[in-house]
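In: with the input below, show me the fold.
(one chain, ligands or ions: 2)
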Amino acid sequence: MKIVCIIPTYNEKDNIVTLTEKLRKLYPTIHMLVVDDNSPDGTGLVAEKMKDAQLDVLHRKNKEGLGRAYIAGFTKALNDGADILIQMDADLSHDPIYIEAMLTAIKKYDVVIGSRYINGISIVNWSISRLFLSWFGNVYARLVTGIDISDLTGGYKCIRRSALEAVDLGKIKTLGYGFQIEMNYAFNRCGKSISEEPIIFYERVIGKSNMSKFTVLEAILKVPLFRFKKYAKTGTDYIPAAPEEAK
Ligand SMILES: Nc1nc2c(ncn2[C@@H]2O[C@H](COP(=O)(O)OP(=O)(O)O)[C@@H](O)[C@H]2O)c(=O)[nH]1
Ligand SMILES: [Mg+2]
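Out: Ligands and ions are numbered 1, 2, ... in the order given. Below you'll find the predicted structure:
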């Protein structure tokens, strides 16, 4: 069973060292794939130096947002034979200790979300305004997509290979917070089961957030489109085209 942790990075040169060391210590058999978008602080180089049989690096030329980095990471990990894919932030917001519970839950579900909202609100060190935005964003996403999951924007996830293979990743268009919602919507549309495991989310101590007003606006505007696109009604959105259709 090959488990690959996909870790997107943009200016995380200190955090990536701490995180990968923790992962190695806790889970000596788990693979790591760092996806770096040519970080100006040299994160790509730092990661490259740590490369070995357990840790691989995917270098991308430009910063294109979290969504694009993840799609590239998923594609590479699937090509390299991953059975279970874990997505997690590099900034230590996602504590690796929760991976164990997520791996137990993935035996029963296709997708497991490390959830900040399933046990009340489990977030450390956020301002009230950021908390409100995230909480409201989740209420909005739940209403619009109709998916009964408390943390649809969470970025800590465990995904079975078969769930990712069921989705046409080329059809995923969102880049920021909307990306997490769109992936969950796509899994749901493709008949995949989603569950939540409680986590405590810690705001980063080193570095700064890459998420901008654009990503918030993108999520607000694009999420309703998933639901109301003309092919959403036929149930074929996100399902890969049959070989003859794809020609
Ligand atoms: N490769 C890549 N990683 C990104 C990009 N934007 C954010 N990240 C990474 O995605 C994770 C979450 O981003 P972060 O800036 O912490 O967003 P926040 O937690 O919502 O404030 C971190 O590991 C970032 O380094 C991007 O454009 N490309
Ligand atoms: Mg963060």
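In: list the buried residues of stretch 162-177.
Out: 163-164, 166-169, 171-172, 174-177 (16 or more other C-beta atoms under 10 Å). Where C-beta positions appear, they are placed from N, C-alpha and C, glycine not excepted.
In: can you give me the buried ones in whatever helix or strand Thr104 lives in?
Out: Following DSSP states H and E, one finds Thr104 within helix 99-105. By neighbour count on 16+ other C-beta under 10 Å, the buried set for helix 99-105 is 99, 102-103, 105.
In: same thing with stretch 51-58?
Out: 54-58.
In: quick revisit: tell me the helix or strand right after the helix holding Thr104.
Out: Counting by DSSP H and E, the next helix or strand C-terminal to helix 99-105 is strand 111-115.
In: any residue of that next one up close to ligand 1?
Out: No. Strand 111-115 does not reach ligand 1 (C-beta under 6 Å from any ligand atom); its nearest approach is 13.0 Å.
In: what does the helix or strand following that strand contact?
Out: Sequence-wise, the next helix or strand downstream of strand 111-115 (DSSP H and E) is strand 123-124. Strand 123-124 is contacted from outside by 116, 131, 134, 200-203, using C-beta atoms under 8 Å, 6 or more residues apart in numbering.
In: buried ones among the residues you listed?
Out: 116, 134, 201-202.
In: need the residues you listed in TSV (columns: distance to Met211, pLDDT and secondary structure).
Out: Listed next are those as TSV, based on distance: C-beta to C-beta, whole Å; pLDDT from 0 to 100; DSSP: H, G, I helix; E, B strand; the rest coil:
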residue	distance to Met211	pLDDT	secondary structure
Arg116	15	98	coil
Ser134	10	96	helix
Phe201	14	98	strand
Tyr202	16	97	strand
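In: would you point out the most distant pair within those residues?
Out: Maximum pairwise distance among these (C-beta to C-beta): 14.1 Å, between Ser134 and Tyr202.
In: what are the ranges of the helices in this structure?
Out: Per DSSP state H, the chain carries helices over the ranges 13-26, 43-50, 66-79, 99-105, 128-145, 161-166, 177-189, 213-228, 243-246.
In: mind checking how far the residue lying closest to Met1 once chain neighbours are set aside is from Val17?
Out: Once flanking residues are discounted, Met1 sits nearest to Asp83: 5.1 Å by C-beta to C-beta, 6 or more residues apart in numbering. To Val17, Asp83 is 27 Å away according to C-beta to C-beta, to the nearest Å.
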